[in-house]
Structures are given as structure tokens and as C-alpha cells.
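**Q** I need the structure of the sequence given here:
(one chain, ligands or ions: 1)
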Amino acid sequence: MKITRISVWQMDLPLSKPYWLSGGRLKFESLDTTFVRIDTDEGISGWGEGCPWGTTYLPAHGPGVRAGIETLAPALLGRDPRSLRAINDVMDLQLPGHPYAKSALDIACWDILGKCSRLPLWQLFGGERPEPVAVNSSIATGTPDEMIALIREASAKGYRTHSAKIGGTNVAADIARIEAISAALPADEKVTFDVNRAWTPGVAVQVLNSVAVRDWIEQPCETLEQCAHVAARVNNPIMLDECLHTFGDHLDAWSKRACEGVKVKPNRVGGLTKALQIRDFGVSVGWQMHIEDLGGSALADTAAVHLASATPAANRLASWLCHYHLAVDPVPGQGARNIGGVATPPSEPGLGVTPDPDALGKPVAVHEA
Ligand code: MG
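**A** Have a look, this model is predicted:
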């Protein structure tokens, strides 16, 4: 089997309301996503999506995804899309780094492998059944009362795990947010306080030793070294996210005892192939993981939910679904959706999400052999 054509679409995904991270430092209103369809000489096609969370969250941006695909596509034409390790070797040789530019291509190849083997991705990732995955809410930074109101709204929709975004320059405001939310949270619900790297190590140690937090603290500081410094001086379990890009970063996090869990996001690490390697490492060292994507429609969400669903329950925390924050739905009714607080991956062969190309508009690029 050979790749004969790679078609690329761009779409703006407006958020249903503006979203604030990192104590209000970062604002997001719309995401720039890229859809990819890989066609083969045997008539089987696969779909992928790559959607960084805006331009300020990571060293990644929508136009960069398409520029990367432009560079990578000629080297992929004529290759067998089912040979995922070889496909990733070609991409890494052609364009070292730039993981976010590779994930849509990698996901589309997994979709083809699933369709050829007539198995859903959750099974290719080791799952025995389409295990439902708990979904995670995402609570934008605000005053304690605003954030508690958002958590109550999410609870009413079935969410039992919340990610509350904190982290400002005002230490007292963060202490107030953590204490108010922790006190208001029902006993059967969980909250992770996601700092999105906003604190210096000194602020992190000061805040976390001033409050009683029963759940996780996520990415307190910018770098892995700073987070490891904090982890050694506080009692809370630490989750790492933005500072992890490669398998080597995960190995460093483990060897520096910097965390008890990680976020595994295919777009951040370069696709499902690399996310799977990290997932397996995480299981072997006993990490707890949130497996979800950086952003995108229900297509990108579903790719991550397949991997989450196939992860042992003891190592799997809830998955956030970006598409619930969007004002548009390019794949209506398809894929893993939040039904009563859980999302279940589709069981048809492959990814189980097929966009209607007409609904995506004219491709921005078509690469052909
Ligand atoms: Mg995070």
C-alpha cells in the first residue's frame, strides 16, 4: 500500500466564549485547526487533525502545522502508511523537532491502519473493549465565585473532574481561589489546579505550603527543573504538561522525581505513535495520566480518547474534550462525545470519524505523487 495523495484543509474554530489561562495572562478566542486526508493506491483513506491551542500556549501555531506538512508531504508520498514507526522515522529525518506539525499526519496513518486491519484504534492501542473515559471540565481563571459557578455548571453536565486554571502574580488571589474552590467542591468531585507555568518556584512553594489542597497541582512553573524543585518541597501530587515534548523529557521528569502524573497530548508530542510510547512508559512507572489533545474538533478529541480508553484504569485520569468549547462542529454527531460525564470511543475500524470534505471547503494544499 502506498500514499498517493495528502490533502490539507484549514478551519478557524471560534470558542463559544473567550477563555483565560494563567491568572488571566493568556486569552484565547479562536483556534486555527488543520485537517488532513491521506489517500492510498488501495482506495483506503485516513483522516487526522492538528490544532495547537492558539499561538501563545506552546511553541506551536496553526500556520506552522501547515508549513510542516508542506515540508513533510513529499517525503511521505509513496510510503506505506501502515508502517507507523517508519513513517515517524521519515518525518523526524525530514524535519527534526516540530512535533505539533506531525500529529495530523500520524493520526491519519493510524486511521488507515485501523481500517486495513478492521479494528478500532482503541483495540490497536491494547484495549479489550471500548472503555468509557471520564471527561474533564476546564474552568477558566476568574474570581473564586466565578470559578465555583463554572464548576457547578460543569457538574450539572455530568463532569466529576475539573481542571481549574489558576496562577497569577497575586499570591493572595491564588490562595483565595484554591481555598474557596476546595471548600465548595462536593466530596465525590475532583479538581486539579492548573497553574499553566505562571509561578516562579518561590511563589509555588509559598502558595502550596499555605493551603490544604486534596488533589493535583499541574505545571506550577515554566521548566521541568523548576517543577522538580517545587515537587521536592510540597505535599501535593504534581502533574506536568507544557514542559514535556519528547520521550526524553518524560524520562527526565521521571528521573528528577518531578511529577506523579503527566498530560499526554498527541499534538504536543508528535502524534499517536509517540503518545502511545509515552503512555506505555507512564504505565510502567506508575504515573496517572490525562490523555487528551491540545485542541481541535471532535476528530482530534476522539483520537486521544481511543488511547485513553485503552489505558489501564489505575493509570488513567479524565480526558478533556476541546470540542465542547467550540461554537462550531465540523464533524456533527461523530466521535467520542460527553454523555453523562463519560466519552466512549467509536468501535468502527480506525478512528471512526470521517469529515465531509465539502463541509471543510476547498483544500489549502493537495500533494500528489
Ligand atoms: Mg495543563
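**Q** Would you mind listing the buried residues in the one helix or strand Ala86 maps to?
**A** With the criterion set as DSSP states H and E, the secondary-structure element containing Ala86 is helix 84-94. Going by neighbour count (16 or more other CB atoms under 10 Å), the buried part of helix 84-94 is Leu84, Ile87, Asn88, Val90, Met91, Asp92, Gln94. Placement of C-beta: from N, CA and C, glycine included.
**Q** Ok, stretch 147-163 next?
**A** Applying a neighbour-count criterion of 16+ other CB under 10 Å, the buried positions in stretch 147-163 are Met147, Ile148, Leu150, Ile151, Ala154, Ser155, Tyr159, Arg160, Thr161, His162, Ser163.
**Q** pLDDT below threshold where in the stretch 151-300 of the chain?
**A** Flagging of the stretch 151-300 of the chain using pLDDT under 70 yields an empty set of residue ranges.
**Q** residues touching Ile178, list them.
**A** By CB atoms under 8 Å, 6 or more residues apart in numbering, the contact list for Ile178 reads Ile166, Phe193, Val207, Val211, Val213.
**Q** So in terms of bridging, what pairs with Thr161?
**A** Taking DSSP bridges, one obtains Asn136, Lys190 as the residues bridged to Thr161.
**Q** Assess the claim that it and Asn136 are in contact.
**A** Yes: with contacts counted by CB atoms under 8 Å, Thr161 reaches Asn136, the gap being 4.8 Å.
**Q** on that earlier part again, so after the helix holding Ala86, what's the next helix or strand?
**A** In N-to-C order, the element after helix 84-94 by DSSP H and E is helix 103-117.
**Q** If you count neighbours, what's buried in that following helix?
**A** 103-116.
**Q** so which of those residues are also by the ion?
**A** Residues of these in contact with the ion (CB under 5 Å from the ion): none.
**Q** Closest to the ion out of those?
**A** Ser103 (17.2 Å; CB to the ion).
**Q** Quick check: closest non-adjacent residue to that closest one.
**A** Nearest residue to Ser103 in three dimensions, chain neighbours excluded: Gly271, at 4.0 Å (CB to CB, 6 or more residues apart in numbering).
**Q** for whatever residue of the chain ends up closest to the ion, phi and psi?
**A** Each residue of the chain has a distance to the ion, by CB to the ion, and the smallest belongs to Asp241, at 3.7 Å. The phi and psi values for Asp241, taken as degrees, to the nearest 10, are phi -140, psi -80.
**Q** quick one, what contacts it?
**A** Contacts for Asp241 were tallied using CB under 8 Å, 6+ apart; they are Asp194, Asn196, Glu218, Gln219, Val262, Lys263, Lys265.
**Q** hmm, try it at 6 Å
**A** For Asp241, the contacting residues are Glu218, Gln219, Lys263, taking CB atoms under 6 Å, 6 or more residues apart in numbering as the criterion.
**Q** I'm done for today, thanks for sticking with me.
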